[in-house]
Every structure is written in structure tokens, then in C-alpha cells.
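Enquirer: quick one, fold the following:
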Amino acid sequence: MTITKVKSRHSQANKQSLFSFMQSVIIQLQQMGKQRTSETYQATLRSFMQFRENKDILLNKIDSELMLMYEAYLRNRGLTRNSTSFYMRILRAVYNRAVEKNLTANKNPFKHVYTGIDKTVKRALPLKTIRKIKNLDLSLLPSLEFVRDMFLFSFYTRGMSFIDMAYLKKKDLSNGILSYRRRKTGQQLFIRWEKCMQEIVEKYDNPQSEYLLPIIKPMNGNERTQYQNAMCMINRKLKTVGNMVGVQLPLTMYTARHSWASVAKNKNVPISVISEGMGHDSELTTQIYLASLDTAVVDKANSMILDLL
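Expert: Numbering: from 1, shown residues only. Predicted coordinates for the structure are as follows:
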């Protein structure tokens with residue numbers, strides 16, 4: 001190869017920008033039929049473009065300082081370590097591909113940012129533990145029975161958030177369909193009403209209340225305060241319920257949401273279906289969510305075996 005050709009190749013590499021290269025990777029993924037992966041790459045590119053205020057950057061200008069600044073930007077926007085790691089790992093995959101194509105020298109720009117999966121942040125319960133919680137005889141402990149039932153109601157309703165449970169009204173249930181709008185995203189969700197849900201609602205029905213569950217009670221003060229007080233009380237007492245079935249980590253209402261997602265994934269439910277069921281605004285959110293759950297291959301195999309018992 002002549003010196004002129006070598007210089008030409010280096011010149012071309014030095015002019016290659018991240019935005020255009022990543023877009024070409026996304027197109028390639030789409031052509032390979034990897035639509036879901038391409039969507040996560042597209043979402044990551046959008047995020048990084050927002051961080052850069054739409055100012056492109058050459059691949060050979062990407063360094064660890066830039067990635068640290070991007071990580072700080074994400075954290076300032078309220079993203080968790082697992083969420084920032086998800087974006088970083090996608091960017092790292094794109095960068096490594098550019099290095100393989102000799103479009104840039106490897107400057108190890110991701111060496112100081114977090115690219116792992118923090119599996120202690122969110123813990124899901126296997127189905128066998130959910131069954132243990134369901135089968136507890138708490139008839140002599142009505143306060144614990146109530147918090148157990150609220151936990152199960154969340155699980156039954158595809159991991160409904162506690163705030164959405166609190167504000168459910170009787171009018172939201174019609175013709176065997178429960179419809180509600182997520183407070184967090186405004187998304188409208190529809191859930192087929194099942195017998196197990198009805199049993200809980202009937203147990204706590206108050207004819208004088210417009211609410212489906214007895215979390216917010218009529219003539220009992222500020223609704224927001226009632227919801228917050230109920231949330232604290234339920235999460236505190238759920239720890240006792242967890243201890244009764246041998247759960248090591250503190251049990252919370254959020255565990256029900258994580259558990260529904262984890263069980264669905266372990267049963268090979270498509271991510272698109274889990275995403276819709278949980279009311280996530282994108283599959284990327286669901287992928288980040290599932291990435292933080294402890295769903296190792298061995299654990300999945302164990303769950304399958306235990307389900308046969």
C-alpha cells in the first residue's frame with residue numbers, strides 16, 4: 001500500500017463522526033432484522049445528541065472526560081446507575097465497532113464510567129415465593145392481611161404502581177375491564193378483570209366510597225396525605241410479611257411490580273408485551289428495567305424446575 005493511500009485512509013478516519021457512524025450501525029441492524037436492538041440504539045443516539053445539543057463529534061475526539069460528563073448529565077436527569085449503564089454499554093459497543101474498522105484509535109473512553117448491572121437495586125421474587133405470600137393464613141392478623149392483599153393486587157394487575165392503585169375508582173371497572181391512566185406517564189391502560197382481583201375488592205368494599213380499594217377513604221382528609229401515609233404503613237408491614245415467607249431483603253410494594261416483570265420474562269413473554277402490560281413508554285424502558293433484575297440462567301433453570309413441583 002502506498003504512503004498516499006495510508007494518508008488518505010487516516011484522513012478519512014479522522015473525519016468520521018459519531019452521529020453518522022452510529023446512524024449507519026442502526027440502519028445495518030434494521031437491515032439484519034434486529035428491529036428491537038436498533039430501537040435501543042436509536043434511543044441512545046437521541047439521548048447523546050441531546051447531551052451534545054445536536055453538535056456532532058469526531059470519533060477520535062471521544063475520550064473518558066466526555067463520557068464522564070455524559071454520565072453526570074444522565075444522573076442529573078434522574079437516571080439510575082442501571083439506566084446510565086445501559087446507554088454507556090450501547091455507546092461502547094458502537095465505539096468498539098469503530099475501533100475494529102480502524103476509524104479511531106482505542107482511547108478507552110469508558111474506563112471511568114459505570115457499565116455494569118447493579119442487581120441489588122431491584123429484586124424480584126420467584127413465583128414460588130409469591131405463592132407462599134398468597135397462601136399465608138393471616139385471618140387473625142387483619143392489618144398484615146390487608147398489606148399482603150395490596151401486594152397481591154399489584155402483582156395481579158401486571159405490577160400496577162401503588163399510587164395508581166390508590167386512586168382507582170369503582171367507575172374505572174366496567175364490563176369486565178379495569179381501565180386507568182398511569183399517574184407517572186399519563187398512559188391509558190386496560191386490564192381484564194380476573195376472579196383473584198374481585199376477591200380482594202369484595203373483601204374490602206366500602207359502599208360509601210367511590211374508590212375501588214380502601215387506601216383513600218372518604219371524609220378522611222387530604223387524598224395525597226392518605227396515599228403517602230398508606231404507602232409508608234404498607235411498606236413497613238410488608239417487611240414482616242416477607243420475614244414470614246423467608247424473604248431476606250425488605251419487601252415493598254415495588255417488589256410486586258418487579259416480580260411481575262421478572263416472572264413474565266422468565267416465561268418467555270416478549271419484551272414488547274411486558275412493556276405494554278407495565279405501561280412503559282418505550283421498550284427501552286422495559287429493557288433497562290429487566291436488566292436490573294436478577295435473572296441469571298441458573299436462577300431461571302431453578303425456577304422452571306421448582307414450578308414442576
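Enquirer: helix or strand for residue 180, which one?
Expert: Per DSSP states H and E: residue 180 is located in strand 177-181.
Enquirer: mind exporting that strand as CSV, just the C-alpha atoms?
Expert: Extracted C-alpha coordinates of strand 177-181, given in CSV (Å, rounded to 0.1, in the frame of the first residue of the first chain):
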residue,chain,number,x,y,z
ILE,A,177,-62.3,-4.4,32.1
LEU,A,178,-60.4,-2.2,34.5
SER,A,179,-59.2,1.0,32.8
TYR,A,180,-56.9,3.6,34.4
ARG,A,181,-54.4,6.3,33.4
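Enquirer: average pLDDT for it?
Expert: For strand 177-181, the per-residue pLDDT values average out at 93.
Enquirer: repeat for stretch 134-141
Expert: For stretch 134-141, mean pLDDT rounds to 96.
Enquirer: could you dump it to PDB, C-alpha only?
Expert: As requested, the backbone C-alpha atoms of stretch 134-141 are provided in PDB (Å, rounded to 0.1, in the frame of the first residue of the first chain):
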ATOM      1  CA  LYS A 134     -50.700 -15.700  48.700                       C
ATOM      2  CA  ASN A 135     -51.100 -18.900  50.800                       C
ATOM      3  CA  LEU A 136     -50.300 -17.300  54.200                       C
ATOM      4  CA  ASP A 137     -53.100 -17.600  56.700                       C
ATOM      5  CA  LEU A 138     -53.400 -14.000  58.100                       C
ATOM      6  CA  SER A 139     -57.000 -14.200  59.200                       C
ATOM      7  CA  LEU A 140     -56.000 -13.400  62.800                       C
ATOM      8  CA  LEU A 141     -53.700 -10.600  61.700                       C
END
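Enquirer: so what touches it?
Expert: Stretch 134-141 has contacts (CB atoms under 8 Å, 6 or more residues apart in numbering) with 144, 145, 148, 152, 241, 244, 245. Just so you know, the C-beta spots here come from the backbone N, C-alpha and C atoms, and that holds for glycine as well.
Enquirer: so the fifth one, which of the three states?
Expert: Three states are possible here, and by DSSP: H, G, I helix; E, B strand; the rest coil the one that applies to residue 241 is helix.
Enquirer: and it, how far is that from residue 247?
Expert: Spatial separation of residue 241 from residue 247 under the definition CB to CB, to the nearest Å is 8 Å.
Enquirer: more neighbours: those two, which one.
Expert: For residue 241 versus residue 247, neighbours defined as other CB atoms under 10 Å are more numerous around residue 241 (21 against 18).
Enquirer: in contact with the more buried one, which residues?
Expert: With contacts defined as CB under 8 Å, 6+ apart, residue 241 is in contact with 133, 136, 138, 144, 147, 148, 151, 251.
Enquirer: do residue 84 as well
Expert: 71, 74, 75, 113, 114.
Enquirer: pretty sure residue 82 sits against residue 288.
Expert: Yes: contact status for residue 82 versus residue 288: in contact at 6.2 Å, counting by CB atoms under 8 Å.
Enquirer: how about residue 257, phi and psi?
Expert: Backbone torsions of residue 257, given as degrees, to the nearest 10, read phi -70, psi -50.
Enquirer: number of residues surrounding it?
Expert: Here the count is done by other CB under 10 Å, and residue 257 has 22 residues near it.
Enquirer: ditto for the one 3 residues further on
Expert: Look at residue 260: counted by other CB under 10 Å, it has 23 neighbours.
Enquirer: tell me the SS of it?
Expert: Bear in mind the rule, three-state DSSP; under it residue 260 is helix.
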